[in-house]
Every structure is written in C-alpha cells, then in structure tokens.
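Student: Sequence below, structure please.
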Amino acid sequence: MTENLPPCPECSSVYTYEMGTLLICPECGHEWSPASAEPAGDTGGKMIRDAVGNVLADGDSVTVIKTLKVKGSPTGIKAGTKVRNIRLVDGVDGHDIDCKIDGFGSMQLKSSVVKKS
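Tutor: Predicted structure coming up:
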C-alpha cells in the first residue's frame, strides 16, 4: 500500500481508509468526501460559541447552565458552577472545552452547556 490518504478531519487519525467514493475513519466513524476534505489543523475560521452565542477564547471563565451527571460520582456538576481558565480543544463527541473544576478535577465540557461569565 503506497497510497497516502489524508488524516481524519474530526480526530486527526492516520488510519483512514477508502470505501467507494468516501474516506472513512475507523476510530471515530467520521465519513467524508475527499473533494470536500479541508486541510487538517485548519481551525483558523472556526469559532466556538457558548449556549447563548458568545464567542469563547482560551483563558475565559464560564458558568455551567444546567446540572450535569458525571460518571463515577454520586453528585454531578450543579448549574451555576463557575469554571475558570478554560482551554478550547478539538475534543471527542462535541466536547470542545478542557478545564479543571474544583472538586472534580480535569474534564471536558461541551460549549452548549456553558455561558461566558
């Protein structure tokens, strides 16, 4: 196999394969057309917005707007919890905020459950 296929635009996996006219990522299941493939790492035009539409940036403080269940924890993250110094990432399954929450530690959140404070 000497063909060079582009990495997955969703998770950057190098194990993509071709099936018919589509390229498929076995790790995240993303399917895309090679003609519409954008270069990997091109996030310059992508803006991450919170639940009310404010643009988020690295280092911002946000507030959780609804109670979240956390696996392995008897209590979840309550609505109104403040999270400081967030970092924006290309996470898995829509989790695009990397942060540390007091009492829970490091975790990833979806931008749809927070608002900028």
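
Student: which helices and strands sit right next to the lowest-mean-pLDDT helix or strand in the chain?
Tutor: Lowest on mean pLDDT, DSSP states H and E among the helices and strands of the chain sits strand 31-32, with a mean of 84. The contact analysis (3 or more CB pairs under 8 Å, 6 or more residues apart in numbering; DSSP states H and E) places strand 31-32 against strand 22-24. Heads up, the C-betas are built off the backbone N, CA and C, glycines and all.

Student: quick one: strands adjacent to the strand it packs on?
Tutor: strand 17-19 (antiparallel), strand 31-32 (antiparallel) (DSSP bridges).

Student: average pLDDT across it?
Tutor: Averaging pLDDT along strand 22-24 gives 88.

Student: Three-state assignment for D98, please.
Tutor: Secondary structure state of D98, per DSSP: H, G, I helix; E, B strand; the rest coil, is strand.

Student: Is it bridged to anything, and to what?
Tutor: R87, Q108.

Student: Low-confidence ranges, the chain, go.
Tutor: Where the chain drops to pLDDT under 70, the residues are 1-3, 36-45.

Student: Let's see that with 50 instead.
Tutor: Where the chain drops to pLDDT under 50, the residues are 1-2, 39-43.

Student: ranges for the strands of it?
Tutor: Listed in chain order, the strands found in the chain under DSSP state E are 17-19, 22-24, 31-32, 62-64, 82-83, 87-88, 95-101, 105-110, 114-116.

Student: Reformat these into TSV and put mean neighbour count next to each item.
Tutor: Output for the strands of the chain, formatted as TSV (neighbours: other CB atoms under 10 Å):
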stretch	mean neighbour count
strand 17-19	10
strand 22-24	16
strand 31-32	15
strand 62-64	20
strand 82-83	16
strand 87-88	16
strand 95-101	18
strand 105-110	14
strand 114-116	20
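
Student: Present these as a markdown table; the columns should include distance to N4.
Tutor: Below are those laid out as a markdown table (distance: least, CB to CB, whole Å):
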| stretch | distance to N4 |
| --- | --- |
| strand 17-19 | 11 |
| strand 22-24 | 12 |
| strand 31-32 | 16 |
| strand 62-64 | 40 |
| strand 82-83 | 41 |
| strand 87-88 | 30 |
| strand 95-101 | 29 |
| strand 105-110 | 31 |
| strand 114-116 | 39 |
